[in-house]
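In: Give me the fold of what follows.
(8 chains)
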8 protein chains.
Amino acid sequence: MNSNVRRFRTDAHIEFHEGDAPLLQGRGVTGLISWVDPDQLPVEIYYGPSERTEAPFTSPAGISGFVTGDQGLGHVVLTAPDIQKSRFFYQDVLGFRLSDIIHMQFGPDFGFDMEFFHCNPRHHTLALIPVPVPVPAPKRMHHFMLQVNTLDEVGFALERAEAANIPITATLGRHTNDHMVSFYASTPSGFEVEFGHGARTVDDANWRIARHDKPSSWGHKRSTAHQ
Amino acid sequence: MNSNVRRFRTDAHIEFHEGDAPLLQGRGVTGLISWVDPDQLPVEIYYGPSERTEAPFTSPAGISGFVTGDQGLGHVVLTAPDIQKSRFFYQDVLGFRLSDIIHMQFGPDFGFDMEFFHCNPRHHTLALIPVPVPVPAPKRMHHFMLQVNTLDEVGFALERAEAANIPITATLGRHTNDHMVSFYASTPSGFEVEFGHGARTVDDANWRIARHDKPSSWGHKRSTAHQ
Amino acid sequence: MNSNVRRFRTDAHIEFHEGDAPLLQGRGVTGLISWVDPDQLPVEIYYGPSERTEAPFTSPAGISGFVTGDQGLGHVVLTAPDIQKSRFFYQDVLGFRLSDIIHMQFGPDFGFDMEFFHCNPRHHTLALIPVPVPVPAPKRMHHFMLQVNTLDEVGFALERAEAANIPITATLGRHTNDHMVSFYASTPSGFEVEFGHGARTVDDANWRIARHDKPSSWGHKRSTAHQ
Amino acid sequence: MNSNVRRFRTDAHIEFHEGDAPLLQGRGVTGLISWVDPDQLPVEIYYGPSERTEAPFTSPAGISGFVTGDQGLGHVVLTAPDIQKSRFFYQDVLGFRLSDIIHMQFGPDFGFDMEFFHCNPRHHTLALIPVPVPVPAPKRMHHFMLQVNTLDEVGFALERAEAANIPITATLGRHTNDHMVSFYASTPSGFEVEFGHGARTVDDANWRIARHDKPSSWGHKRSTAHQ
Amino acid sequence: MNSNVRRFRTDAHIEFHEGDAPLLQGRGVTGLISWVDPDQLPVEIYYGPSERTEAPFTSPAGISGFVTGDQGLGHVVLTAPDIQKSRFFYQDVLGFRLSDIIHMQFGPDFGFDMEFFHCNPRHHTLALIPVPVPVPAPKRMHHFMLQVNTLDEVGFALERAEAANIPITATLGRHTNDHMVSFYASTPSGFEVEFGHGARTVDDANWRIARHDKPSSWGHKRSTAHQ
Amino acid sequence: MNSNVRRFRTDAHIEFHEGDAPLLQGRGVTGLISWVDPDQLPVEIYYGPSERTEAPFTSPAGISGFVTGDQGLGHVVLTAPDIQKSRFFYQDVLGFRLSDIIHMQFGPDFGFDMEFFHCNPRHHTLALIPVPVPVPAPKRMHHFMLQVNTLDEVGFALERAEAANIPITATLGRHTNDHMVSFYASTPSGFEVEFGHGARTVDDANWRIARHDKPSSWGHKRSTAHQ
Amino acid sequence: MNSNVRRFRTDAHIEFHEGDAPLLQGRGVTGLISWVDPDQLPVEIYYGPSERTEAPFTSPAGISGFVTGDQGLGHVVLTAPDIQKSRFFYQDVLGFRLSDIIHMQFGPDFGFDMEFFHCNPRHHTLALIPVPVPVPAPKRMHHFMLQVNTLDEVGFALERAEAANIPITATLGRHTNDHMVSFYASTPSGFEVEFGHGARTVDDANWRIARHDKPSSWGHKRSTAHQ
Amino acid sequence: MNSNVRRFRTDAHIEFHEGDAPLLQGRGVTGLISWVDPDQLPVEIYYGPSERTEAPFTSPAGISGFVTGDQGLGHVVLTAPDIQKSRFFYQDVLGFRLSDIIHMQFGPDFGFDMEFFHCNPRHHTLALIPVPVPVPAPKRMHHFMLQVNTLDEVGFALERAEAANIPITATLGRHTNDHMVSFYASTPSGFEVEFGHGARTVDDANWRIARHDKPSSWGHKRSTAHQ
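Out: So this is what the prediction gives:
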């Protein structure tokens, strides 16, 4: 613990705070620490969360369950204009591991490498975009992802989104690196949500880093308004 | 069809009616016939029900699903004071098959044989009690049964019933003949509902008729008020 | 055979012809008969087709294989304005069996029942639309369907179709009755092709006829130009 | 039933009796008939036996369970000096089917064919020896057989028998026809009991009749006193 | 070994004794040590127990077997008013690991955290209650637990307990943390016994500590007399 | 039996003989009949063969076992210059069923159809060549086939044959219709033996007749001397 | 290697020799060392043995194969009158691990502990008897053991031994510690051979040392002459 | 890394170069180093190769896929006249591990040991021949090997090679050490290609080094021209 504290404070110039009793009670966890990451995003790590086995999960939309557990909640894709600093913080201080890289090329003159990191069997819990994202209102988070158990649960969610006139920012498609079949939609907060199924997982004993030239094997056509 | 019609009309002295368009539309089925059984209970048989695959099943109580499909909705236990007549109608006219018999003995002087019948893999869709049931208000139906996928879904239902002050008429127990683990509760209509899990099914190619001296292997203790 | 011949000739008023040697050689089969169906569509039935185990299947598009074998080539959906006549011919003369019905409703005033028939484990090899289809040039065939082994092979085909500017007449979606995940595209001949994956099959020992109120559980959004 | 009654009475010259209420109650069954077979052995057939699922099986010797259920209790081997008459009765009247034949040869001059019959998946429920058996006191039954789930349960039974000074009439061995691994011991009644494990079963759809020249693949050495 | 000895003697102020030959013979083990724990409970640790493969397990109550082996005998729940001292002894000296915590709340003003510890795949071999238990005669042990293979063996035990007028202190229910389905009864010694089935196990490679707000998902209703 | 006898005698003009005791003993079977087929080949059918479970199979060449049992010994390929007569006898009198046809084409001017027949799960137990075979000494049997469990057992047999200077008449290859991987060698009798592995079997419930234009998918190159 | 050499030479006072080329060629191995153990038994350790995949295993007795591979050839049971010295050599110098102990009691006054050691998944490759064995001619080896794949191969071997008048020194039985089902016979060299099947294996990650009071669960009755 | 660099430079006297951007782009990898091995063969090691999941594999020859992934591309067999130097470089510097040895004997006077090395689950990625190979034009590489999924894909490749008049230098056969079933053909470059299927893989946790006296269990007969 001490070496991690030193890394936080001395190497990454970040100060963290331990959660007090009201915060723990509010979060329903046994312990947590919080800090602000290199891009000014507040972050919390906890242990000992509440399990509610006395209250079975009930989804008003009929979703059988989300893929969480040892894969965590899902993933987030953040902009990280100072990629060196962010990579140092997440990879060297927090211990994420590189999964792979996707080279994104927009026209002949503009391209960059997205980097995907994992901290559990989920292919990536964090991905970093080394440039600002030009969404209508610039956000530090490009999107977060939630994963369900079946393709139908993705399809039904797409139906509900369309019925509610929520902008679909990318059609159904499969990603080249995590093999997720998903669509993207706008959230009221200005960033997007990816809703998917069928991703492969990472086993560090066998995983080999690769690179991709495209983000999607098929589909994921972005609407003109959101590309 | 003609031979069945004759059996209905001539042998069992029962007249049946074909459902008309409004009734079919109301039931959401392709066709149905209806009649009144020997104990004056109205009965309907249909084919071609609506399937709603575009609307996933969502239970506000978090039930993952009921055991239905080729086992039908569940089962009913009816009083049949004229057992010969009822047995003729259900077994010989409608084609149900005997699963087994439970001899119910109440004290040294009063006892009778309950008969259990199946028309699909469910152990019994119908059981007949050859005496009137002395429930507070005499009913022709003793109880109906609904089956869920897991023991926990039975346990959670028991919690909800107790929290709602619904009378639990029999505690958790396992039946000797269908091996169902279940509890019983009173319904507002005056008959009971059995809510269970884990019943065995009948395969007519191998099934052998047996008899039992008790209804339950363990549990199913009836409250004094409802015994 | 004689009873079938009589049914063809006397009951359905259809004359069939046995294939001669050049036709058999051209088709690469051991025997065939041909006729014209009630809607003037030429039809052939063969037995003893050539198997080319000495020549492994190679798809220039990288398709691992089509779902055929005991499910036949795929399915066709035909218009059958005289539905009684067509149903008599395909169901009673040729022996197809009803799988289920989808009620198609277009606005409050116009609707009809599509009927789906099977002659092998494929959910439907034939479906009948009891009205003329108002495609640009009226065709007796609404579409035919080809099935592949994986969702990705559907997704890649959709990519190729879009890259070739082939009109996509229905987006990726899942059907309510055969559970196929597919898209539709226009063919040069004026009718459509459905390209799908993941359909369930019919086992006549257990299959029960049902009805549906919608053709798709999710997706299959038709482009305005082709609805 | 009538044709069977006629076969009993007219063809096999056997009269059977239906069980009355006290006998049914004593046997704990729903119905039974009884008769005396061609060799004067009393036989009963019943249906609807009592199942005691409320009373779990407990063996004071630690046996996990006997192989019964749809294989019946075990098997019996009877002497049938008038083999034609017995074969007619069991095979033609009662419906047993021949499993196979073992030619037993004792010295160069004396030999006979034992015939093995099944009426359920058990390889044989009945075997017939076409000569009198020269056991100390001549018995119509040579032995009966009980089957357990594991080799160890056979081994422990052998230990118990030896500890109780019960004569072991045949050592551990495997039979050529039913593949049973077993030993034989004397019962107080004068006939033997076979106690075994691991027999194969008969599936009438695939079973082919065979013949064997020896009763055992290995073992089953008979003690000099009992051979 | 020396470091453990030092921890016993210096850090925990506990003296242990090695078993002598008569004690080893009496216990049927190869070696053991014994001591008195911080709450004055005598404790023994042994290795090399006798295995009796020559004597098959026989339960007079028909129990197929208890879940022991690498999960040990079962678990005990002890009162540990000086929780710091007990936690130090069991966790730091003996090496038990925390499984999870259940917050027990009795009315708005009284609550405490029970701590559950494991030393093998069993979810908890030891749980500590940080307050004295107000059972009729105060005991240092709240209850011990025995686990069987099937739900029926729990149900039959409940039947036997009720038939013997043994007080059932908690009805059938499932625990939130180890998922055990069980009931509780009073023992003649004044503490309780839990008799259960179906607990999950702990794999330290993947286990994550959690907390629970309730001890049971459903059931485990305590009788008024024993709550 | 009578109808079969009539077919033999009246329709096929063939007389058969029942085996007498010495023949049965010599063959080690329970019963047999024999006759001479339309091409003057003597044929026997038996039932009740000897099983030698007391004598484990031992191959001096290390073969783990031959594929026989319900597939019979193997297959034979016969010349049948009067194909109509042979087909009537084997298909209509004896009850063999057509598996498929291979069109054999030798040069532009000479070709014929070989017909393959099965009487059990083996793809063919009999194949007919409708022309005389121009082997050095004309034989009515072209070859017989033996099947082993593994590819290695085929490879080792090929080694042994080559080491013994036995002419290899066809190299390792896979047949188009039964999918056997095999080689062919000359026997001292003048006909060939096929030695193979990995054939598919026929399930009459699903089998569909097909035709092939080549006998082998790959390999089976015939030596110049034996083509 | 150096530390092992030192242990051999300095601690165990044993000198070992490296195999020279003729010895390696004779043994068909890549390398070996040899020495004389504390009881004057010559021992060799090798690596890189010849594999003869070009020569399939063929047993003239029809044995499908012996259980060897990563379990080595079998096991040996040696007398080790100076048990301390032997235990030091095999356990501490060579690295064998204790599996369990069997206390052998012969009458009230004479008993000893046999110790069983493993060096691979086989339950024991070596067992030590801490007293001289009073076989007719005293031998340092009590017996060696060979293991086959099936119970039948044990039974057939017993048949062959009896047919050859080889003394059977222990009947068929199952051992308490390794669960082997086996018999023992005398070898011409004066020690015995155990021939068995069905032993359990040791996984060091989970194995716990135990003790037994008897060598056999059942059987293994020793003939009077050899006890 | 530094220790490896030192080993390259100081111990093995080899200089390596890091790939620059154009080389990385040309190779489609994230990073690589290159050098010249002791036998003057240029070698490259890379990481982070491109994955083309957006472009499904399509083989114009109908091959379902090559066995690559964590087994790498295949294997190469090199001549290494200075075997000590090559063994030091590949085994000690690069970290390959010995799989086994095949002693090749050509006539009574000439023989040598081939050494097979692995660096992943493939049995050998590299094999070294300690003598120059007298192929028509001496090459440093004797052959490289490609592995496919099925025996048929090997058989079809052999057909294509023969049809293209490519010299088949070794017939279909199975190797003694990696169990590959394969054939060999000449490439235009003068070395050979092995095309195979069905090799076993190496698990270092259990692998034991062995030696073989022959390269093939069966087959692999070399044509006279190429032996």
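
In: From the opening residue of stretch A:174-188 to its closing one, how far?
Out: 25 Å (Cα to Cα, to the nearest Å).

In: so how far is that stretch off the chain centroid?
Out: 11 Å (Cα atoms, centre = their mean, to the nearest Å).

In: Compute the mean per-residue pLDDT across that stretch, please.
Out: In this model, stretch A:174-188 has an average pLDDT of 97.

In: Go through that stretch and flag the buried ones.
Out: Across stretch A:174-188, burial judged by 16 or more other Cβ atoms under 10 Å in any protein chain shown covers A:174-186. Just so you know, the C-beta spots here come from the backbone N, C-alpha and C atoms, and that holds for glycine as well.

In: now swap in stretch A:196-207 and tell me
Out: Here stretch A:196-207 shows A:196-199, A:202 as buried, counting by 16+ other Cβ under 10 Å.

In: and that stretch with chain E, contact?
Out: No: on the criterion Cβ under 8 Å from any Cβ of the partner chain, stretch A:196-207 is out of touch with chain E, staying 12.5 Å away.

In: picking that back up, between all of the buried residues of stretch A:196-207, which two are separated the most?
Out: A:His197 and A:Val202 (17.3 Å; Cβ to Cβ).

In: A:Pro38 is in contact with A:Arg85, correct?
Out: That one is not Arg; residue A:85 is Lys. Yes: contact status for A:Lys85 versus A:Pro38: in contact at 4.7 Å, counting by Cβ atoms under 8 Å.

In: quick one: which of the two has more around it?
Out: A:Pro38 (20 against 15; other Cβ atoms under 10 Å in any protein chain shown).

In: check contacts around that one.
Out: Applying Cβ atoms under 8 Å, 6 or more residues apart in numbering or on different chains, we find A:Pro38 in contact with A:12, A:14, A:80, A:82, A:85-86, A:89.

In: mind running it again at 6 Å?
Out: A:85-86, A:89 (Cβ atoms under 6 Å, 6 or more residues apart in numbering or on different chains).

In: Of these, which is the nearest to chain H?
Out: Nearest to chain H out of the contacts of A:Pro38 is A:Ser86 (Cβ to the nearest Cβ; 19.2 Å).

In: just to confirm, which helix or strand has the closest one in it?
Out: Mapping A:Ser86 onto the secondary structure by DSSP states H and E places it in helix A:83-87.

In: Output the below-cut-off pLDDT ranges for chain A.
Out: A:1-2, A:133-138, A:224-227 (pLDDT under 70).

In: how big is the angle separating the top helix by length along it from helix C:151-163?
Out: Ranked by number of residues, the top helix in chain A under DSSP state H is helix A:151-163. Helix A:151-163 and helix C:151-163 are oriented at 40 degrees to each other (axes from the mean of the first three to the mean of the last three Cα atoms, to 10 degrees).

In: rewinding a little: ok, which pair from the buried residues of stretch A:174-188 is furthest apart?
Out: A:His179 and A:Ser186 (24.1 Å).

In: can you list the residues of chain A near chain C?
Out: Contacts of chain A with chain C, taken as Cβ under 6 Å from any Cβ of the partner chain, map to A:155-156, A:159, A:172, A:174, A:218-219.

In: immediately after the helix holding A:Ser86, which helix or strand?
Out: Next along from helix A:83-87, by DSSP H and E: strand A:97-106.

In: neighbouring strands for the helix or strand following that next one, and are they parallel or not?
Out: Counting by DSSP H and E, the element after strand A:97-106 in chain order, helix or strand, is strand A:110-118. Next to strand A:110-118 in the sheet, as set by DSSP bridges, lie strand A:97-106 (antiparallel), strand A:126-129 (antiparallel).

In: Buried residues, strand A:110-118. List them.
Out: Buried residues in strand A:110-118 (16+ other Cβ under 10 Å): A:114-118.

In: In contact with A:Gly31, which residues are there?
Out: A:Tyr47 are the contacts of A:Gly31 under Cβ under 6 Å, 6+ apart.

In: How about the one 4 residues further on?
Out: For A:Trp35, the set of contacting residues under the criterion of Cβ under 6 Å, 6+ apart consists of A:14, A:16, A:43.

In: now those residues in TSV, with neighbour count?
Out: TSV is the format used below for the contacts of A:Trp35 (neighbours: other Cβ atoms under 10 Å in any protein chain shown):
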residue	neighbour count
A:Ile14	16
A:Phe16	17
A:Val43	14
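
In: Now narrow these to whatever sits close to chain E.
Out: Of these, not one also sits near chain E (Cβ under 6 Å from any Cβ).

In: where along chain A do the strands fall?
Out: A:17-18, A:31-36, A:42-47, A:75-79, A:97-106, A:110-118, A:126-129, A:141-147, A:168-175, A:181-186, A:192-197, A:210-212, A:216-219 (DSSP state E).

In: Direction included, what does the shortest one pair against?
Out: It refers to strand A:17-18. Strand A:17-18 is paired, per DSSP bridges, with strand A:31-36 (antiparallel).

In: Alpha carbons of the strand it pairs with, as CSV, please.
Out: Output in CSV follows, covering the C-alpha atoms of strand A:31-36 (Å, rounded to 0.1, in the frame of the first residue of the first chain):
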residue,chain,number,x,y,z
GLY,A,31,-14.2,1.2,2.2
LEU,A,32,-13.2,3.6,-0.6
ILE,A,33,-10.6,6.1,-1.7
SER,A,34,-11.2,9.0,-4.2
TRP,A,35,-9.1,11.4,-6.2
VAL,A,36,-9.1,13.5,-9.4
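
In: Can you lay out the residues of chain A next to chain C as a markdown table showing distance to chain D?
Out: Below are the residues of chain A next to chain C laid out as a markdown table (distance: Cβ to the nearest Cβ, whole Å):
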| residue | distance to chain D |
| --- | --- |
| A:Gly155 | 44 |
| A:Phe156 | 43 |
| A:Glu159 | 48 |
| A:Leu172 | 48 |
| A:Arg174 | 46 |
| A:Trp218 | 48 |
| A:Gly219 | 50 |
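
In: what subset of those is also close to chain B?
Out: Of the residues of chain A next to chain C, not one also sits near chain B (Cβ under 6 Å from any Cβ).
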